[in-house]
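> turn this into a model:
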Amino acid sequence: PTQAARAPRRQSGGTQAHESPARRHERAPPAGRAGALITEEERTIGAVEWAVWKGYFKACGTASITALIIVQLVSRIFGMSSAVYLAVWSSPGSFAEAYSVRTNLTIFAGLTLCSVLVTLVGNVLTATVGTRACRRLHRRMLDCVVRCPMAFFDTTPLGRILNRFATDINNVDTLLPDTLSHLLQMALHLLVTLSAVAVLNPVLVVLFLPVMAMYYYVQDYFRCTSRELQRLYNVSRSPILAHLSETLGGVTTIRAYNAVSRFTQTNMEHLDANTCAFLTLNTANRWLGVRLDFLGAFIVAGTACACI
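This next block holds a predicted model:
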């Protein structure tokens, strides 16, 4: 009976031997975690896929994104128009001298007021679009979690689920809309500014080309590091919430077995790992800030030399 019981196992092992290495890697348990109930938290490596951005923009709405781009563009045009009109008004021999001071003030105030109103509309539209996208993504994620089998909750810590519904949703609700709005504003502002500079002083365009190449190199070098550090920081937060929920659920047992010091030490280790990731991320941001300040000073110095 023993040999008969072992025969199917040898046959099964022979079948696995003929499988591809990738297939065996998918079926094999993680190293050092054989027989473990709780699965390791997954972490994406590399650039954010276009499918992720497509899903977020789809949740925002195509019409809303288009309206937001148009409003931001009009806001940048009004802002630049007020600055250009003020420069023309202060220049001797311009067409503004044909108008009275009151008329020039009215035109300048009207352009400034239009810029403020359009900017206000853009901010309200950004908040509305971001809230709508966050509500849709939260509802979709909640539906997926509610429909998961019980095996998912047996192998996934509660803190990991709380981290998704708390920190990640908070970033999607507050951080992501503001970041995308600032990115759109700065991109449009840069486009309008470069167009004005190219018309007024084409010599500066030659100076901007190497600076733009340096900007691209710095952001490409920083983006890869910052992206992975941000992911490490987010992943290191889940064990803190999971350990806290487990501690609160079994606090009576912990005290009964005199394991308070062990759980306190484990909690401090999780906090140390999260703090290390946070400090490293801030250090990388300061690294970027120093180099951006240097490039900004170089642009100011080059512009001053070109205007002499």
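> looking at this protein, which helix or strand is least sure?
Taking mean pLDDT, DSSP states H and E as the measure, the chain has helix 21-27 as its least confident helix or strand, at a mean of 36.
> show me what counts as buried in the strand or helix carrying residue 57.
Element membership of residue 57 [criterion: DSSP states H and E] is helix 50-60. Residues of helix 50-60 classed as buried by neighbour count (16 or more other CB atoms under 10 Å): 56, 59-60. C-beta here means a position set from N, CA and C on the backbone, and glycine is covered the same way.
> list the contacts of residue 66.
For residue 66, the contact set (CB atoms under 8 Å, 6 or more residues apart in numbering) is empty.
> on the three-state scheme, it is what?
Of the three states, residue 66 takes helix under DSSP: H, G, I helix; E, B strand; the rest coil.
> gap between it and residue 125?
Residue 66 is 11 Å from residue 125, where distance means CB to CB, to the nearest Å.
> now swap in residue 70 and tell me
The gap separating residue 70 from residue 125 is 10 Å, by CB to CB.
> of these two, who's got more company?
residue 125 (18 against 13; other CB atoms under 10 Å).
> give me the element the closest residue to residue 68 other than its chain neighbours is part of.
Spatially, and ignoring its direct neighbours in sequence, residue 68 is nearest to residue 125 (5.3 Å; CB to CB, 6 or more residues apart in numbering). Element membership for residue 125 (DSSP H and E) is helix 101-146.
> next SSE downstream of the helix or strand residue 211 falls within?
For residue 211, the element it lies in under DSSP H and E is helix 203-235. Past helix 203-235, further along toward the C-terminus, the next helix or strand under DSSP H and E is helix 238-249.
> list the buried residues in the next helix or strand along the chain from that following helix.
Using DSSP H and E, the helix or strand that directly follows helix 238-249 along the chain is helix 251-256. Buried positions in helix 251-256, judged by neighbour count with 16+ other CB under 10 Å: residue 254.
> chain center to helix 251-256, what's the gap?
With CA atoms, centre = their mean, to the nearest Å as the basis, helix 251-256 stands 40 Å off its chain's centre.
> next: stretch 174-189.
In terms of CA atoms, centre = their mean, the centre of stretch 174-189 is set 11 Å apart from its chain centre.
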